[in-house]
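Asks: Structure of the sequence below:
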Amino acid sequence: MRLLPGLAVAAGGLGVAYLVHALVPALPVLTVCVLVGLVIGQLPALQAPLDGALKPGFALASRRLLRIGIVLLGLKLSLVDIVDLGVPMLVAVLAVVVLTFFGTLLMGRLAKLPGEQPLLLAAGFAICGVSAIGAMAAVTRSRQSEIAVPAALVTLCGSLAIAVLPMLHGPLGLTDLQFGAWAGASVHDVGQVVAVAQTAGSSALALAIAVKLTRVLLLAPLVAGVGVYRRLRAVEEADAASAPRPPIVPLFVLGFLAAMLVRTFLPVPEQVLLAADLAQTVLFGLALVALGSSIRVVSLVRTSGRALLVGLASWVLVAALAWGAVSLTTA
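Replies: Residues are numbered from 1 along each chain as shown. As a prediction, this is how the structure comes out:
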C-alpha cells in the first residue's frame, strides 16, 4: 500500500504526457514525462509528500520499473536487421559510440562533475538515453539524485534534435537515406529518432531505426565492461573479503540480451511486440516522471551549469561524429 501514492501520481503524470502528445504529436510521450515530473518537483505543496508518502512509489518507478522496461527494449532488436546494415556501417556506429562515450566522460571529468554524473552522461549520450543511464546506474549503484540530471539532459538534447536536425537536412547536402542514418547514429531515444527521421520518408525511418538499435545493442557490452572494471577496482582498493563488489552484469541486462535473442530466433507474434512496446513506453514514462520530480530547478541552475555545458557539448560531439561517419560510409 505504501507504493500506491507515488505510483498513482506517476501514472497521472504519464496520462498528462499522453494527452499532450495527442495534442502536439511532435512532442514524444517520454519527453513530456520528464517535463511533467519537473513541474511536480517544483510545486511547493508537494515538497513534503515527495520526501514522504510519494517517495517509495517513485523509487520503485525510477529503478525497478525502468529496468523491466530495459528488458522489453530487447524485443525491438533483431540481429538479422543489424547484420543487414553491412560491415562499414556497423564499424562506423561502433566508432561513434566509443568516441562519444570516452569524449563525454573526459569532458565530465574535466568539468569536475560530481559523483557518477560523467559516466552516466557518457552512457546516455553515446547509446540510448535514459535506458542506458538506468543500466549504468545499476552498476555504479548511483542514487536517484545522481540519475536525475543526466536523464533530464539527454531528454533535453534529444528534444532539441527533433527541432534542429530536420532543418540541417538540406544545408548539409544529405540524401534521405543519409539523413536517416545520421538520425539513428546521433539521437538518443528511439522515439526521438522516429520523430526526427520520419521527416525524410519511410525508407529513411527504417534505416534510422536499424542504426539506432545497433547502438542499443552495445548497451550490454558497455555495462559489462564497466562492471568488470569496477569489480577489479573494488578488490584492489579494499580487503576482498569485506569490499562490496559491484555486479559485473546486472540481471536485467541479461534479460535484455535474452529478449533480443528471442526476437532474433523465434517467431514472436506482432501483437506481442506491440504490447511489449506499449508496456516499455509506460514503464519508461513512469520512471521519467519520478526522475523528473527529483530535480529542483533552483539548485539545478546554481550547481549544474557545468553539467548542462557538458551535455550540450556531448550532443554536438555525437552529431558531428555521426555526420562524419555517415558521410564516409555512404559516399
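
Asks: Next up, phi/psi of Arg267, please.
Replies: Careful, residue 267 is Pro; it's not Arg. phi -80, psi 90 (degrees, to the nearest 10).

Asks: how close does it sit to Phe101?
Replies: The gap separating Pro267 from Phe101 is 35 Å, by Cβ to Cβ, to the nearest Å. Any C-beta I mention is one placed from the backbone N, CA and C, and that applies to glycine too.

Asks: Looking at these two, which has the bigger crowd around it?
Replies: More neighbours surround Phe101 than the other of Pro267 and Phe101, with 24 against 6 (other Cβ atoms under 10 Å).

Asks: was I right about that one contacting Gly124?
Replies: No: between Phe101 and Gly124 there is no contact under Cβ atoms under 8 Å: 9.9 Å.

Asks: Contacts only, for the residue nearest the centre of the chain.
Replies: Nearest residue to the geometric centre of the chain (Cα atoms, centre = their mean): Gly129, 1.7 Å. Shown in contact with Gly129 (Cβ atoms under 8 Å, 6 or more residues apart in numbering): Ala151, Val154, Thr155, Gly158, His188, Asp189, Gln192.

Asks: Throw the residues you listed into TSV and include distance to Arg263, thanks.
Replies: Below are these laid out as TSV (distance: Cβ to Cβ, whole Å):
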residue	distance to Arg263
Ala151	26
Val154	25
Thr155	26
Gly158	24
His188	21
Asp189	19
Gln192	22
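
Asks: picking that back up, how about the nearest residue to the residue nearest to the centre of the chain once chain neighbours are set aside, secondary structure?
Replies: Leaving aside its sequence neighbours, Gly129 sits nearest to His188 (Cβ to Cβ, 6 or more residues apart in numbering; 3.6 Å). Each residue gets one of three states, and His188 gets coil by DSSP: H, G, I helix; E, B strand; the rest coil.

Asks: Next, give phi and psi for His188.
Replies: Here His188 shows phi and psi, under degrees, to the nearest 10, equal to phi -80, psi -60.

Asks: contacting residues for it?
Replies: Gly124, Phe125, Cys128, Gly129, Val154, Thr155, Cys157, Gly158, Ala161.

Asks: next one: Arg67
Replies: Gly134, Ala135, Ala138, Pro250, Phe252.

Asks: Residues touching the host helix or strand of the last one, excluding its own?
Replies: Secondary structure assigned from DSSP states H and E places Phe252 in helix 251-265. When contacts are taken as Cβ under 8 Å, 6+ apart, the neighbours of helix 251-265 outside the stretch itself are 67-68, 70-80, 135, 138, 217, 219-220, 223-224, 268, 273.

Asks: And stretch 12-20, by the same measure?
Replies: By Cβ under 8 Å, 6+ apart, the surrounding residues in contact with stretch 12-20 are 27, 29-30, 32-33, 35-37, 40, 282, 285-286, 289.

Asks: and of those, the nearest to Ala11?
Replies: Ala11 lies nearest to Leu286 out of the contacts of stretch 12-20, by Cβ to Cβ, at 6.6 Å.

Asks: What is the neighbour count of the closest one?
Replies: When neighbours are counted by other Cβ under 10 Å, Leu286 registers 27.

Asks: Can you say which helix or strand has it in it?
Replies: helix 270-293.

Asks: Tyr229 now?
Replies: When elements are assigned from DSSP H and E, Tyr229 belongs to helix 219-237.

Asks: how about that helix: buried residues?
Replies: Across helix 219-237, burial judged by 16 or more other Cβ atoms under 10 Å covers Leu219, Ala220, Leu222, Val223, Ala224, Val226, Gly227, Arg230, Arg231.

Asks: Per-residue confidence, the fifth one, what does it come out as?
Replies: Meaning Ala224. Looking at Ala224, its pLDDT stands at 83.

Asks: residues contacting Ile127?
Replies: Val97, Phe101, Arg215, Val216, Leu218, Leu219, Leu222.

Asks: if we go to 7 Å?
Replies: Ile127 makes contact with Val97, Arg215, Val216, Leu218, Leu219, Leu222 under the criterion Cβ atoms under 7 Å, 6 or more residues apart in numbering.

Asks: thinking again about what came up before, now list the buried members of the contacts of helix 251-265.
Replies: 67-68, 70-78, 135, 138, 217, 219-220, 223-224.

Asks: what about the helices in the stretch 1-150 of the chain?
Replies: Remark: helices assigned in the stretch 1-150 of the chain by DSSP state H, counting those that start in this stretch are 4-23, 29-42, 47-50, 55-60, 66-73, 79-83, 87-110, 117-123, 130-140, 144-168.

Asks: Kindly present the ones you listed as CSV, with separate columns for distance to Thr330 and mean pLDDT.
Replies: Below are those laid out as CSV (distance: least, Cβ to Cβ, whole Å; pLDDT from 0 to 100):
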stretch, distance to Thr330, mean pLDDT
helix 4-23, 32, 92
helix 29-42, 29, 84
helix 47-50, 48, 81
helix 55-60, 44, 88
helix 66-73, 27, 84
helix 79-83, 17, 83
helix 87-110, 8, 93
helix 117-123, 27, 92
helix 130-140, 26, 83
helix 144-168, 16, 82
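
Asks: Right, I'll call it a day here.
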